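Q: A predicted structure for the sequence below; I have some questions about it.
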Amino acid sequence: MPTTESTRTALLIMDVQPGIVERIEDAEALLERLGVALAAGRDAGLTIVYVTIGFRPGYPEISPRNRAFAGIADSGAFVLDGSSDIHPAVAPFVSDIVVVKRRVSAFAGSDLDVVLRARDVKRLVLAGIATSGVVLSTLRAAADLDFGITVLRDGCADSDPEVHRVLLEKVFPRQAEVVTVDEWVAALGSA
């Protein structure tokens, strides 16, 4: 039976889309760990939220001044026509929530805050790709919004191992609990 605490927690699986997953070394192991986290989160009654990046055809949301996103418009990627789907290895259940964002943070250009407030969520568990992108930006925004935050250390990945390490060991612990998927699952089971 889900506890009140678990129903006030959301597990966010962010930017785990085929076009992003394929850029990560050892993606299969990451997807396996995310599958473990998802199963445990569902069993505990957590709100499961997938966050994806997606744009309308023609990319009207992307300014040519935005250095991070201007190249996406030229690539033809992440159009909301199926090309921005979630990786099938961790596909959402019908009961899960999918939120589409338009910038790096899961909160930017999405209705994530509305969904979380409607469910009275107070704690976020963050996982996804990339540690230096969506995870960092979402952690900062969530901290400013006074959420309790947990980051799944091995549920995140980045193309730069050193940046990944520094964020997880030195930056994130200032605003979040940083644990492995196994540690988090064990804590869920003992709650």
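A: Arrived safely.
Q: mind naming the longest strand for the protein?
A: In the chain, with assignment by DSSP state E, the single longest strand is strand 148-157.
Q: any weak-confidence spans in this protein?
A: 1-6, 82-84, 191 (pLDDT under 70).
Q: please repeat the previous calculation with a cut-off of 90.
A: Within the chain, the stretches with pLDDT under 90 are 1-7, 19, 25, 54-64, 66-85, 189-191.
Q: ranges for the helices of the protein?
A: 4-7, 18-21, 27-43, 70-75, 112-118, 136-144, 161-166, 181-190 (DSSP state H).
Q: export those to JSON lines and tack on distance to Lys101 and mean neighbour count?
A: In this view, the C-beta of every residue, glycine as well, is placed from N, C-alpha and C. Formatted as JSON lines, the helices of the chain follow (distance: least, C-beta to C-beta, whole Å; neighbours: other C-beta atoms under 10 Å):
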{"stretch": "helix 4-7", "distance to Lys101": "24", "mean neighbour count": "14"}
{"stretch": "helix 18-21", "distance to Lys101": "13", "mean neighbour count": "18"}
{"stretch": "helix 27-43", "distance to Lys101": "18", "mean neighbour count": "18"}
{"stretch": "helix 70-75", "distance to Lys101": "13", "mean neighbour count": "13"}
{"stretch": "helix 112-118", "distance to Lys101": "7", "mean neighbour count": "16"}
{"stretch": "helix 136-144", "distance to Lys101": "9", "mean neighbour count": "19"}
{"stretch": "helix 161-166", "distance to Lys101": "21", "mean neighbour count": "13"}
{"stretch": "helix 181-190", "distance to Lys101": "23", "mean neighbour count": "16"}
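Q: format the ones you listed as JSON lines; extra columns: distance to Val49.
A: As requested, the helices of the chain are exported to JSON lines (distance: least, C-beta to C-beta, whole Å):
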{"stretch": "helix 4-7", "distance to Val49": "14"}
{"stretch": "helix 18-21", "distance to Val49": "17"}
{"stretch": "helix 27-43", "distance to Val49": "10"}
{"stretch": "helix 70-75", "distance to Val49": "22"}
{"stretch": "helix 112-118", "distance to Val49": "7"}
{"stretch": "helix 136-144", "distance to Val49": "11"}
{"stretch": "helix 161-166", "distance to Val49": "22"}
{"stretch": "helix 181-190", "distance to Val49": "16"}
